[in-house]
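structure of the sequence below:
(2 chains)
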2 protein chains.
Amino acid sequence: MKSNAPATHAGRHFLQIPGPTNVPDRVLQAIAAPTIDHRGPDFAELGKEVVAGMKRVFQTDETVIVYPSSGTGAWEAALSNTLSPGDRVLMFETGHFATLWRAMAGRLGLEVDFVPGDWRHGVDPALFMVDTISSLASIDYRHDEWRVDVTVAGSQKGLMLPPGLGFNAVSKKALAAAETAKLPRSYWDWQAMRETGHTGFFPYTPATNLLFGLRVALHMLLEEEGLPAVFRRHARHAEATRRAVAAWGLEVLCADPREHSNSLTAVLVPAGYDADRLREIILDGFDMSLGTGLGRLKGKIFRIGHLGWFNDLMLCGTLSGVEMGLHRAGVPHRSGGVAAALEYLGSP
Amino acid sequence: MKSNAPATHAGRHFLQIPGPTNVPDRVLQAIAAPTIDHRGPDFAELGKEVVAGMKRVFQTDETVIVYPSSGTGAWEAALSNTLSPGDRVLMFETGHFATLWRAMAGRLGLEVDFVPGDWRHGVDPALFMVDTISSLASIDYRHDEWRVDVTVAGSQKGLMLPPGLGFNAVSKKALAAAETAKLPRSYWDWQAMRETGHTGFFPYTPATNLLFGLRVALHMLLEEEGLPAVFRRHARHAEATRRAVAAWGLEVLCADPREHSNSLTAVLVPAGYDADRLREIILDGFDMSLGTGLGRLKGKIFRIGHLGWFNDLMLCGTLSGVEMGLHRAGVPHRSGGVAAALEYLGSP
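Modelled structure (predicted):
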């Protein structure tokens, strides 16, 4: 095997976890610009511009809040701004991160009615609060039209940025709830943050350099490619990936085709095989990172991220790495997954 | 006046607010590196390395926590991890940010005994929690030796990074307090965060690219210049600045020379003159940002930041901009401030 080992660290690493995603070179360069005065006139323009752009991404005319935080912080902001200790919330067990959000609600003193699930189905999206961390700017999402009260998002997925920015899109109903909500809050408090769209300024020091990057990423998404094309691109790569998985004779975790994700594909490995060992072989042999199975799915699945700054040939490389990895790891499968993807992607 | 106007946007902007500070080009370049898998082996090394480096900066062998947040978040972490609703805390009114921290404590449900002050004096540093946001890595600070329980810090000052990382250094006593503290917390909870020093990993997505920058900044501070030299450099620039202020016939806000800051100098403008108008004239005429007076000091002072990635000639440019600005704005002063600084800095 050694004789055929490639020079694994020449060329660019394949970061095919479901986020953080590949960041465009232009966005990285923007982030590397010298930091500016966050109370000066240039910053005001930046602040207003990125909030206006994020409204278009959320498809909302309502309030948008930008935090220097991870997406987890944006979760906490959604809860702490709208609820009081002892309040009951209804949450649905759709997967690992749903269980994490539930645990957070418990720590904050909320009563959770948790509707159990098998992690293989979504829920009826008539929800008040929606976590779009792994879908925003990858899959069509309409905060206003779908009457969502709080949408939670992060920078490191479809927005093509490094992690470090958290977002809330907030309806008038949620703003009204914040007037009486009694969970203690300060950092996450919307009251002081909601003026940014008008003034461009933040009540405390923002993550300036990530906002430089956000400006460029928003331009790419909204002005250059356009959101409809971004969504079509993600749908195309997801379909190609699922065709590859089917051709390998493997199973996608998500059981209902109507609920398939366009941003990542979780693949079940056959019983008796370790998905994390497979991931290790692929990282060592082909310099590609794939997502691990989280929580109760650990070792049972691997996740292919195909969202963010991504194209057909990057996907071909990604699927090639998976197929060669399955072979090296001795995981039972049929070859032909890459061929199936090429047939789909290459058809005129 | 117009005929003598310089091309204000050629050359590098002078970012002489008391933070965010000038970021070294090397740190900016590091931040622009492609994002990596925050659950992969390379990240583990990064996480362990930056926590170990931050322990040296805090001069502590105790726990260090790194948040994707502003320094304000690190404040909230200090309070929410150690206190319960209704607990009484003693806080000292040393300035604007002390009043902000007090307001946060109130919002979190704490009872605050606030010792009033005139914003011109420090306090006896026998405190349990210390905010070092504008001093860490600029002025000697010893978390362990001074028996501090929680030290709060941010990335955008002496650490020479853009904003977006918050830090807590935590004593064993504070960790013990966290066992029984009842303020609701999740994002800020130390329990899940404290393992990073051992594992290199974080419980939720970290601000990866800022950690790339932190690695480089720590190397510059600890291995290249060395903390003692960093502290001497800051002391030297502060002394030169105060000599300039004295030569202008103006007054430094801080009333007790033992409490003078080595990271910034706040200068009172004579009664009847507007410090913010002066700052505007300097920004327009000489492309330099100075810090505004906050809260009740608005319009009465301006603040010269001389911390972070900074040297003698940058300081000379800074003081020259202030002196020319005082002249243009018609603020009564004697010339000779720059000359006084040159005499001090240039003596062999």
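
can we go C-alpha only for contacts and neighbour counts from here?
Will do.

count the neighbours of the closest residue to chain B within the stretch 201-348 of chain A for me.
For the stretch 201-348 of chain A and chain B, the shortest gap (Cα to the nearest Cα) falls at A:A207, measuring 4.7 Å. Residues near A:A207, counting by other Cα atoms under 10 Å in any protein chain shown, number 25.

with A:A229 instead?
Number of residues near A:A229 (other Cα under 10 Å) recorded here: 14.

tell me the mean pLDDT over the helix or strand containing it?
Using DSSP states H and E, A:A229 maps to helix A:227-247. Per-region confidence: helix A:227-247 scores 97 on mean pLDDT.

who does that helix touch, helix- and strand-wise?
strand A:251-252, strand A:264-268, helix A:312-329, helix A:337-346 (3 or more Cα pairs under 8 Å, 6 or more residues apart in numbering or on different chains; DSSP states H and E).

redo that, cut-off 6 Å
Contacts defined by 3 or more Cα pairs under 6 Å, 6 or more residues apart in numbering or on different chains; DSSP states H and E place helix A:227-247 against helix A:337-346.

which strands and helices sit next to the helix it packs on?
By 3+ Cα pairs under 6 Å, 6+ apart, helix A:337-346 packs against helix A:227-247.

now the helix it packs on: buried residues?
A:227, A:230-231, A:233-247 (16 or more other Cα atoms under 10 Å in any protein chain shown).

residues contacting stretch A:172-183, please?
Stretch A:172-183 is contacted from outside by A:80-85, A:149, using Cα atoms under 6 Å, 6 or more residues apart in numbering or on different chains.

do stretch A:111-119 as well
A:86-95.

is there a quick PyMOL command that grabs whichever of the residues you listed are buried?
To isolate the buried ones among those in PyMOL, judged by 16+ other Cα under 10 Å, type:
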select buried, chain A and resi 91+92+93+94+95
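
let's verify A:G291: helix, strand, or coil?
strand (DSSP: H, G, I helix; E, B strand; the rest coil).

in stretch A:168-182, what counts as buried?
The neighbour-count check on stretch A:168-182 (16+ other Cα under 10 Å) flags A:168-171, A:174-175, A:178, A:181-182 as buried.

nearest spatial neighbour of the most centrally placed residue in chain A, chain-adjacent residues omitted?
Geometric centre of chain A, nearest residue: A:S134, 2.1 Å, by Cα atoms, centre = their mean. Leaving aside its sequence neighbours, A:S134 sits nearest to A:K157 (Cα to Cα, 6 or more residues apart in numbering or on different chains; 5.8 Å).

report the rounded mean pLDDT for stretch A:180-192.
Here stretch A:180-192 scores 86 as its mean pLDDT.

stretch A:29-38 now?
Average pLDDT, stretch A:29-38: 89.

end-to-end on that stretch?
19 Å (Cα to Cα, to the nearest Å).

show residues contacting the strand or helix carrying A:D276.
Secondary-structure assignment from DSSP H and E places A:D276 in helix A:275-286. If you take Cα under 6 Å, 6+ apart as the criterion, helix A:275-286 is touched by A:8, A:289, A:299-302, A:325, A:329.

pull out the buried positions in stretch A:146-159.
Residues A:148-159 are the ones in stretch A:146-159 that count as buried (16+ other Cα under 10 Å).

which residue ranges form the helices in the stretch 101-250 of chain A?
Assigned by DSSP state H, counting those that start in this stretch, the helices in the stretch 101-250 of chain A fall at A:172-180, A:190-193, A:196-199, A:208-218, A:227-247.

mind giving me the ChimeraX command for buried ones among the contacts of helix A:275-286?
Restricted to buried positions by 16+ other Cα under 10 Å, the ChimeraX selection for the contacts of helix A:275-286 reads:
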select /A:289,299,300,301,302,325,329
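
which of the contacts of helix A:275-286 sits closest to A:L253?
Checking the contacts of helix A:275-286 against A:L253 with Cα to Cα, the nearest one is A:I301 at 7.7 Å.

which residues does the closest one bridge with?
Following DSSP bridges, A:I301 is listed with bridge partners A:L268.

what's near enough to touch it?
Counted by Cα under 6 Å, 6+ apart, A:I301 has contacts A:267-269, A:275, A:293.

least trustworthy position among those residues, going by pLDDT?
Ranking these by pLDDT puts A:G293 at the bottom, with 91.

nearest residue to that one in space, please, no chain neighbours.
Nearest residue to A:G293 in three dimensions, chain neighbours excluded: A:I301, at 5.2 Å (Cα to Cα, 6+ apart).
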